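> I would like the atomic coordinates for the input below:
(one chain, ligands or ions: 1)
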Amino acid sequence: MNKSEAQKRIQELRKQIEHHNYLYYVLSKPEISDFAYDLLMNELITLEKKFPEFYDAFSPSLRVGSDVNRDFTQMAHRYPMLSLDNTYSEEELRDFDKRIRKIIGDDFDYVAELKYDGVAISLSYEQGRLKHAVTRGDGEKGDVVTENVMTIRSIPLILHGSEYPSNFEIRGEIFIPKDDFTRLNEQRAESGEEPFANPRNAASGTLKIRNSSIVARRPLDCFLYHIIGEGLPYESHYENLLEARKWGFKIPDFIKKIHGIEEVMEFIIFWEDKRKNLSFNTDGVVIKVNSYLHQRQLGNTAKSPRWAIAYKFTAEQCATGLLSIDFQVGRTGAITPVANLEPVFLSGTTVKRASLHNADQILLLDVRIGDIVIIEKGGEIIPKIVAVDYTKRPDDSQPFRFIESCPECHSTLIRREGEAAHYCPNESGCPPQIKGRIAHFISRNAMDIGAAEATIDLLFNKGLIKNVADLYTLTENQIIQLDRFAEKSAKNLIESIHSSRKVPFERVLFGLGIRHVGETVAKKLAKHFRNLDNLSGAGYEQLITIEEIGDKIAKSIIEYFNDPQNITLINRLKEAGVQFSISQAEEAARSEKLSDLTIVISGTFRNYSRDELKDLIALHGGKNTGSVTSSTSYLLAGDNAGPAKLEKAQALKIPVLSEDEFIKMIT
Ligand code: IVH
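Predicted coordinates for the structure are as follows:
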């Protein structure tokens, strides 16, 4: 393929892929299989690698994010981001309607929308391309999170058609759908990370991650609800939103143009009930006056427009009896109290259990067995106990005492300083902890051994495995003797265990299940220390100098390697042939040529992607940072390097390196 053919094909592929993104992420009507989509994407990535001169920051291949860490800069909103007046009462809503009719008369339309429960974002587009994405901040200025927002597939980077204004802002809500949220929290629990309290927290936390390649793996989505600018096609809100849908924006189907307060009430009553069936959380309804002329007549208060109001649904609550409290033991030994309730119907499901979080929560509410408690289903999936009806408390009720020993192995529980949870310290002898650790070790992102949780239970209960190292001494004969296992499935399991010996070090490290060492941290540690001996010998001071490794992670790593049982386990895994160092190829390429140097990367490069350059810097002992400061050694600048960075480098007399000069330095 020659250069001009490649350019043509690259453009074609980018268009096709964005079209399929739109069908899949905006319309939810995919026309091709995931496999066919992957083929297109792979072809594009290969061509872009081969012909880097056709780099384009808006290519769909770059929606995977970049792992350059960045501090967010702030930017003033061209139009302030107002908030909405809230009400929970029909009466206040009717007052709102009366006030409006007094000013603009009766001849106007309302637009009724759902209130999406996420994080507000303002997107600005220039000449049909996404320019900036800024959070609400204080309403006047917010954080620039463009790179993170560009990973959200349902947000168009380049608008469809040509009928859009050359310069406008569109605002909306970034959120995580309910099912994706459940899955995200399951994954977090699996890797020992603290689960998010609700989808809104997960969305806002994700948006502030300083590494867009992690953001790209989170299931963010975005509904748009407000468009501002000059030269908009219509003089009204509803009609402009429908136009914006044609430009590729995800404008929800639930918006409705209606007339009069009675229709407003109908809309509210309908969604108050039907919202449980939605795939995302909504905490109310937003009512807006449609015509811009009317909106201008009504004006704004300091904080919110007078032409709109949010009617908030009250979180659904009900009262029920508390029968008992169970305690669950997680993989890390954390104890979670769970309330067993008199079954009760709430927001579409029968609730029998509710979470009580921790001992403090129980103490705070003074919850007692036999109490009538108020439960609530907010944004959270599992209902929680929010109050106790003390008037209904039986006379003989006794304060509830949090357990002192583990319900599974009876060890005395501990509570670490600064942590809310109680822990069972018997890591090596407490069955749910052992089984949880084995399940984590074999999970897909760790050793990827194909065994179901039931198989682990079976192997553990029969005494065939007591820890992850025992997996490697299992024989086909032992497995065949278990219920449900035939020769073929036993063979498969053994083969799967055998193949896991090739799994790279970083995944092995993740699989060990060291507290607070999730996938990303494991990757960082593997890259930095290269092998387990270096890591286990590292002291606190050395650990915390590594980017993203803080006090909590450092202490946890040291604690892990101070336990002789862990050392024995690792030695057995080593003997079994599991990888405890990075591959020889990577090791051979390593040097110290950049040691003590701090290098900032900016722009695009001919031979390497920014991620590859970042890896090269680390491989040769250097450090990569995001912004030019007096401690920067070099600015590695490619095409279109940031002018601010270049200027700063010049001002601070920091040498600027070209790609070729950099390559010379390391070879
Ligand atoms: S309109 C000037 N419409 O609610 C108009 N806001 O409490 C401003 N929100 O900051 C907002 N769904 O983050 C509007 N359909 C919707 C909305 C919505 C959710 C959020 C938004 C806003 C907050 C105000």
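> who's in contact with residue 169?
78, 79, 122, 123, 124, 125, 227, 228, 229 (C-beta atoms under 8 Å, 6 or more residues apart in numbering). For every residue, glycine as well, the C-beta is placed using N, CA and C.
> for the helix-or-strand element of the chain with minimal mean pLDDT, buried residues please.
Ranked by mean pLDDT, DSSP states H and E, the helix or strand of the chain with the weakest confidence is helix 584-589, at a mean of 75. By 16 or more other C-beta atoms under 10 Å, the buried positions in helix 584-589 come out as residue 586.
> so how far is that helix from its chain's centroid?
33 Å (C-alpha atoms, centre = their mean, to the nearest Å).
> other residues contacting that helix?
530, 581, 619.
> got CSV for those residues, with distance to the ligand, pLDDT and secondary structure too?
Shown next, in CSV, are these (distance: C-beta to the nearest ligand atom, whole Å; pLDDT from 0 to 100; DSSP: H, G, I helix; E, B strand; the rest coil):
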residue, distance to the ligand, pLDDT, secondary structure
530, 46, 89, coil
581, 48, 94, strand
619, 43, 82, helix
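> turn the buried ones among those residues into a named ChimeraX selection, would you?
To isolate the buried subset of the contacts of helix 584-589 in ChimeraX, counting by 16+ other C-beta under 10 Å, use the following:
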select :530,581,619
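> mind naming the longest helix for the chain?
helix 3-21 (DSSP state H).
> helices or strands up against the helix or strand following that helix?
Counting by DSSP states H and E, the next helix or strand C-terminal to helix 3-21 is helix 34-50. Under the contact criterion of 3 or more C-beta pairs under 8 Å, 6 or more residues apart in numbering; DSSP states H and E, helix 34-50 touches helix 3-21.
> ignoring the adjacent residues along the chain, who's closest to the residue in the stretch 101-250 of the chain positioned nearest to the ligand?
Nearest residue of the stretch 101-250 of the chain to the ligand (C-beta to the nearest ligand atom) works out as residue 120 at 3.2 Å. Distances taken as C-beta to C-beta, 6 or more residues apart in numbering put residue 136 closest to residue 120, at 4.3 Å, once the chain neighbours are dropped.
> which residues are in contact with the one you found?
Here residue 136 is in contact with 81, 119, 120, 121, 122, 142 (criterion: C-beta under 8 Å, 6+ apart).
> could I get the phi/psi values of the residue of the stretch 101-250 of the chain closest to the ligand?
phi -70, psi 140 (degrees, to the nearest 10).
> what pLDDT is listed against it?
Residue 120 is assigned a pLDDT of 95 by the prediction.
> with residue 482 instead?
85.
> would you check that it makes contact with residue 461?
No - if you go by C-beta atoms under 8 Å, residue 482 and residue 461 don't touch, sitting 9.7 Å apart.
> looking at these two, which is more packed in?
More crowded of residue 482 and residue 461, by other C-beta atoms under 10 Å: residue 482, with 16 against 12.
> confirm the more buried one sits in a helix?
No - counting by DSSP: H, G, I helix; E, B strand; the rest coil, residue 482 is not found in a helix; it is coil.
> what does it show for phi and psi?
phi -80, psi 150.
> and this structure, which residues reach the ligand?
When proximity is defined as C-beta under 6 Å from any ligand atom, the chain approaches the ligand at 82-84, 113, 115-116, 120, 136, 173, 225-226, 286, 305, 308, 310.
> where is pLDDT lowest across these?
Out of these, that is residue 83, at 88.
> next, count neighbours for it.
13.
> list the buried residues for stretch 165-175?
So, applying 16+ other C-beta under 10 Å, buried residues of stretch 165-175: 165, 168, 169, 170, 171, 172, 173, 174, 175.
> chain center to it: distance?
Distance, centroid of stretch 165-175 to centroid of chain: 22 Å (C-alpha atoms, centre = their mean).
> per-residue pLDDT, the residue of the stretch 551-667 of the chain found nearest the ligand?
Relative to the ligand, the nearest point of the stretch 551-667 of the chain is residue 626 (28.3 Å; C-beta to the nearest ligand atom). Predicted confidence (pLDDT) for residue 626: 83.
> what's the answer for the one 3 residues further on, then?
Note for residue 629: predicted pLDDT of 90.
> chain neighbours aside, what residue packs nearest to it?
Per C-beta to C-beta, 6+ apart, closest to residue 629 is residue 652, 7.6 Å.
> need the contact list for the one you found.
Applying C-beta under 8 Å, 6+ apart, the residues near residue 652 are 628, 629, 630, 632.
> list the contacts for the third one?
Neighbouring residues of residue 630 by C-beta under 8 Å, 6+ apart: residue 652.
> so it: helix, strand or coil?
coil.
> what packs against the lengthiest strand in the chain?
Using DSSP state E, we find that the single longest strand of the chain is strand 316-329. Judged by 3+ C-beta pairs under 8 Å, 6+ apart, the packing partners of strand 316-329 are strand 335-346, strand 372-377, helix 431-442.
> wait, which of those is closest to residue 12?
helix 431-442 (42.5 Å; C-beta to C-beta).
> and the closest one, what does it pack onto?
strand 316-329, helix 453-461, helix 505-511.
> burial of residue 99, as a residue count?
13.
> ok, now which ones touch it?
Neighbours of residue 99 in contact, by C-beta under 8 Å, 6+ apart: residue 306.
> just read off the phi/psi values of it.
Here residue 99 shows phi and psi, under degrees, to the nearest 10, equal to phi -60, psi -40.
> could you report the separation of it from the ligand?
17 Å (C-beta to the nearest ligand atom, to the nearest Å).
> once you drop chain neighbours, what's closest to residue 140?
Residue 140's closest residue in space is residue 80 (C-beta to C-beta, 6+ apart), at 5.8 Å.
> should've said residue 328
Using C-beta to C-beta, 6+ apart, the closest residue to residue 328 is residue 336 (4.8 Å).
> give me the pLDDT value at that neighbour.
pLDDT at residue 336 comes out at 90.
> for it, what are its contacts?
So residue 336 contacts 327, 328, 330, 355, 357, 358, 421 (C-beta under 8 Å, 6+ apart).
> how about residue 358?
Residue 358 touches 336, 337, 420, 421, 422, counting by C-beta under 8 Å, 6+ apart.
> could these be laid out in a markdown table, adding distance to residue 522?
Compiled in a markdown table, the contacts of residue 358 are given as follows (distance: C-beta to C-beta, whole Å):
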| residue | distance to residue 522 |
| --- | --- |
| 336 | 25 |
| 337 | 30 |
| 420 | 25 |
| 421 | 23 |
| 422 | 27 |
